[in-house]
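1. A structural model of the following input is requested.
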Amino acid sequence: MAELNRDNLIDLLERLGAESDEEALRAARALDRMVRESDYDWEDLLEPEEDDEEYEDDEEYEDHEADEDRGDEGDEGDEGDALEDAVEASAAEGDAAEGDKDANLIDRLLARKSISEDLREELKEFHQDLNAGRLSDTDRRYVRAVAKRLGV
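-> Here you go, the predicted structure:
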């Protein structure tokens with residue numbers, strides 16, 4: 001896997017706003033390829049920095065970090081666990097419905113004869129990722145944007 005070149009990444013991000021749709025799409029695909037071939041994913045790159053100022057001292061910050069590593073977010077007890085389980089179950093149901101919609105969109109896009117081979121290959125990869133449960137939110141938005149742009 002390759003390390004990301006920050007200057008190239010910034011250049012490609014800036015090219016996303018190009019007047020030419022073709023140039024913006026090339027930049028988007030190059031960005032996607034760059035991240036896929038790197039040691040990172042979009043979640044790593046876009047993770048917000050933690051606000052260290054909310055902690056009184058280093059020891060309090062380290063205690064917070066240790067709690068996060070163990071999955072402890074406080075002493076909420078069984079009520080907090082039950083609520084968290086319910087939220088996760090609801091999210092999983094929503095994810096399944098969204099996955100079905102995305103699979104349908106990808107299938108409809110693949111059925112079009114007018115799409116480029118590059119897009120066709122990319123959509124096939126997205127379909128595989130979706131079936132494996134690892135299609136990122138960024139890729140989902142991309143598929144939806146392409147479908148909208150093509151009137152699917």
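2. residue 8 and residue 131, how far apart?
-> As for residue 8, its distance to residue 131 is 31 Å (criterion: C-beta to C-beta, to the nearest Å). Glycine gets a C-beta too; all of them are placed from N, C-alpha and C.
3. hmm, I was thinking of residue 45
-> Residue 45 is 25 Å from residue 131, where distance means C-beta to C-beta.
4. again, but for residue 46
-> For residue 46, the distance to residue 131 (C-beta to C-beta) stands at 25 Å.
5. before we move on, what about residue 44?
-> According to C-beta to C-beta, residue 44 and residue 131 sit 23 Å apart.
6. same question for residue 47.
-> From residue 47 to residue 131 the distance is 26 Å (C-beta to C-beta).
7. need the helix or strand of this structure with the lowest average pLDDT.
-> Across the helices and strands of the chain, mean confidence by mean pLDDT, DSSP states H and E is lowest for helix 58-70: a mean of 55.
8. how close does residue 149 get to residue 116?
-> Residue 149 sits 13 Å away from residue 116, going by C-beta to C-beta.
9. now residue 38
-> 24 Å.
10. same question for residue 101.
-> Using C-beta to C-beta, residue 101 is found at 23 Å from residue 116.
11. with that, I have no additional questions.
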